[in-house]
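1. prediction below, plus the sequence it came from.
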Amino acid sequence: MRIALLVLCCLCASLVSDAAESPLLPAKLLSVRGGLGNVFQKLEGDGEVTVAYFGGSITAAHGWRPKTLKWFRETWPGAKVKEINAAIGGTGSDLGVFRCRKDVLDGKPDLVFVEFAVNDGGAQPAQIHKTMEGIVRQIWTANPLTDICFVYTIHQGMLKDYAAGTFPRSASSHERIAEHYGIPSICMALRISEMERAGKLVFTLPKGQNAPAGKLLFSRDSCHPTNEGHDVFLDVIAAGLKQIQKASKPGPHKMPEPYDAGNWQDAQLVDIQPAMLAGSWKKMDTKSGLGHRFHNRLPTLWHGSTPGDKLSFTFKGTMCRFYDLVGPDGGIGIVTMDGKKTGEAKRFDHYCTYHRLAAFTAAYNAPDGTHTVTVEISPTQPDREPVLKRVRDQKGFDPKKFDGTNLWLGYLMLRGELVK
């Protein structure tokens, strides 16, 4: 549950939202909108159905995702239902829009559940609109018969908004995109809030403490549901899908004019080529170590550890990011664009007692044109003392684990095209 700390950090930032900038919308348990007619037609016809689960750690967990997959299979036993697990803990739609094609669309889904409301908690509405709309437009450009359903999970910091009858800022932003495109949405978060206010549920308790008799314990860390919490999610989703089915008709989804003309539909992952690398970079073994551990998301992972090692390339567009890893022995990447230093990418942070997927930005909203980007490994290490203070006295502590100038690069994330 370490990723809960990341979610909490994002949500703390969301509490300073500017309501005047983007008013919160009334919370609803279910919005049917354009329905999910194509997937229900396949299910009723005993066809082959692929359901993609696209979200963060709440979706990645062994919870509502496998529970709903089992529900599909039991409700339509003649259909052949399989899943795409495209959930990554601690990530929001800003990474999702870049990985949508590879992690979701390459599997040719019939239905895509999109769950990013919790991890989008720290983002501004304008950005959420761009990233969520980019996801929708990528899906329907690939196949207008693919159905989409937004689902909203919850963190304790969101209870105040739901108690007031409104979606929190992130879910309000998602709802604006859902309404514009006629996408159904199911809000499990509202049911949890209702149960908490009715005294039927204790939202969170630390490990070792139990909820009073007759009350359900939702979470141990203010965010990730217990098994019983996931059961509530299942009940809300199953009931919502049955209601959606009654109002659904099959057919291609029509793509309206964009909600935001600057949406990130063009976001893509681009392979890093050996010709871009200078120094002692090595392609990591996919059968062991970090290369094996992250192979499903970063099938090619380049590792550099020598100060002065560089990656350089040229692209035409407006945005460049890197899909990579952070970890206890992560170093610093010195980022330059068009010959000018734009920042330092520290691949170590307050949560780095382990390695995890991450991303960093080299160019954001750059002038639309041709740009050359370079990332060079710095000889300076990040300040690790805040983490070391927490772990030095732990059994098995090894200082070598927290020493290094390592970078691990998996993909370029571009809004634009690589210039070869």
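-> Perfect, I can see it now.

2. could you pick out the longest strand of the chain?
-> When the chain is parsed with DSSP state E, its longest strand is strand 310-326.

3. and it, average pLDDT?
-> Per-residue pLDDT over strand 310-326 has a mean of 97.

4. secondary structure element for the nearest residue to residue 23 once chain neighbours are set aside?
-> Among residues not flanking residue 23 along the chain, residue 172 sits closest, at 7.5 Å (C-beta to C-beta, 6 or more residues apart in numbering). Using the backbone N, CA and C atoms, a C-beta is placed for each residue, glycine as well. Element membership of residue 172, judged by DSSP states H and E, is helix 169-181.

5. whichever helix or strand comes after that helix: how far from the chain's middle?
-> Next in sequence after helix 169-181, counting helices and strands by DSSP H and E, comes strand 185-187. Distance of strand 185-187 from its chain centroid, counting by C-alpha atoms, centre = their mean, to the nearest Å, is 17 Å.

6. now swap in stretch 210-227 and tell me
-> Distance, centroid of stretch 210-227 to centroid of chain: 24 Å (C-alpha atoms, centre = their mean).

7. how long is it from one end to the other?
-> 14 Å (C-alpha to C-alpha, to the nearest Å).

8. can you mark which positions in the helix holding residue 172 are buried?
-> 169, 170, 171, 172, 173, 174, 175, 176, 177, 178, 180, 181 (16 or more other C-beta atoms under 10 Å).

9. for this protein, what's the longest helix?
-> Secondary structure of the chain per DSSP state H: the longest helix is helix 227-246.

10. which of the residues in that helix are buried?
-> Residues 229-230, 232-234, 236-238, 240-241, 243-245 are the ones in helix 227-246 that count as buried (16+ other C-beta under 10 Å).

11. how about these, which pair is most distant?
-> The distance between the two most remote of the buried residues of helix 227-246 (C-beta to C-beta) is 25.0 Å, for 229 and 245.

12. quick one on the thing from earlier: give me the sheet partners of the longest strand of the chain and which way each runs.
-> Paired neighbours of strand 310-326 in the sheet (DSSP bridges): strand 277-278 (antiparallel), strand 356-363 (antiparallel), strand 369-377 (antiparallel), strand 407-419 (antiparallel).

13. flag every buried residue along the longest one.
-> Same thing as strand 407-419. Quick answer for strand 407-419 (16+ other C-beta under 10 Å): 407, 408, 409, 410, 411, 412, 413, 414, 415, 416, 418.

14. quick one: mean pLDDT over that strand.
-> The average of the pLDDT scores along strand 407-419 is 96.

15. with the shortest one instead?
-> The predicted model assigns strand 277-278 a mean pLDDT of 98.

16. so what secondary structure elements neighbour the helix or strand just after it?
-> Later in the chain than strand 277-278, the nearest helix or strand by DSSP H and E is strand 282-283. Strand 282-283 is packed against strand 302-304, with contacts defined by 3 or more C-beta pairs under 8 Å, 6 or more residues apart in numbering; DSSP states H and E.

17. just for the protein, where's the confidence low?
-> Low-confidence segments of the chain, defined by pLDDT under 70: 1-21.

18. how does it divide into domains?
-> 3-246, 267-419 (automatic domain parsing).

19. any idea which of the strands paired with strand 310-326 gets closest to residue 53?
-> strand 356-363 (16.6 Å).

20. hmm, who's touching the closest one?
-> The contact list for strand 356-363 (C-beta atoms under 8 Å, 6 or more residues apart in numbering) reads 3, 88-91, 94-95, 98, 294, 297-298, 318-327, 333, 335, 337, 342-343, 345, 347, 371, 373, 375, 413.

21. and if we set it to 7 Å?
-> Strand 356-363 has contacts (C-beta atoms under 7 Å, 6 or more residues apart in numbering) with 88, 90-91, 95, 294, 297, 319-326, 335, 337, 342, 345, 371, 373, 413.

22. residues of that strand that come out buried?
-> The neighbour-count check on strand 356-363 (16+ other C-beta under 10 Å) flags 356, 357, 358, 359, 360, 362, 363 as buried.

23. please produce a markdown table containing these, extended by distance to residue 68.
-> As requested, these are exported to a markdown table (distance: C-beta to C-beta, whole Å):
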| residue | distance to residue 68 |
| --- | --- |
| 356 | 26 |
| 357 | 24 |
| 358 | 28 |
| 359 | 28 |
| 360 | 34 |
| 362 | 38 |
| 363 | 39 |
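
24. name the nearest of those relative to residue 279.
-> Among the buried residues of strand 356-363, and counting by C-beta to C-beta, the member closest to residue 279 is residue 362, at 18.0 Å.

25. what's the closest non-adjacent residue to the closest one?
-> Distances taken as C-beta to C-beta, 6+ apart place residue 320 nearest to residue 362, at 4.5 Å, with adjacent residues excluded.

26. residue 270 touches residue 414, doesn't it?
-> Yes: at 5.3 Å, residue 270 counts as touching residue 414 under the criterion of C-beta atoms under 7 Å.

27. closest one to residue 261 out of the buried residues of helix 227-246, please.
-> residue 244 (29.8 Å).

28. for residue 237, see how far away that closest one is.
-> In this view, residue 244 and residue 237 are 10 Å apart by C-beta to C-beta, to the nearest Å.

29. export the helix holding residue 172 to CSV, keeping only CA atoms.
-> Output in CSV follows, covering the C-alpha atoms of helix 169-181 (Å, rounded to 0.1, in the frame of the first residue of the first chain):
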residue,chain,number,x,y,z
ARG,A,169,-12.7,18.4,-8.7
SER,A,170,-11.1,15.5,-10.6
ALA,A,171,-14.4,13.6,-11.1
SER,A,172,-16.2,16.8,-12.0
SER,A,173,-13.6,17.2,-14.8
HIS,A,174,-14.0,13.7,-15.9
GLU,A,175,-17.8,14.2,-15.9
ARG,A,176,-17.5,17.1,-18.3
ILE,A,177,-15.7,14.9,-20.8
ALA,A,178,-18.2,12.1,-20.2
GLU,A,179,-21.2,14.4,-20.9
HIS,A,180,-19.6,15.9,-24.0
TYR,A,181,-19.0,12.4,-25.5
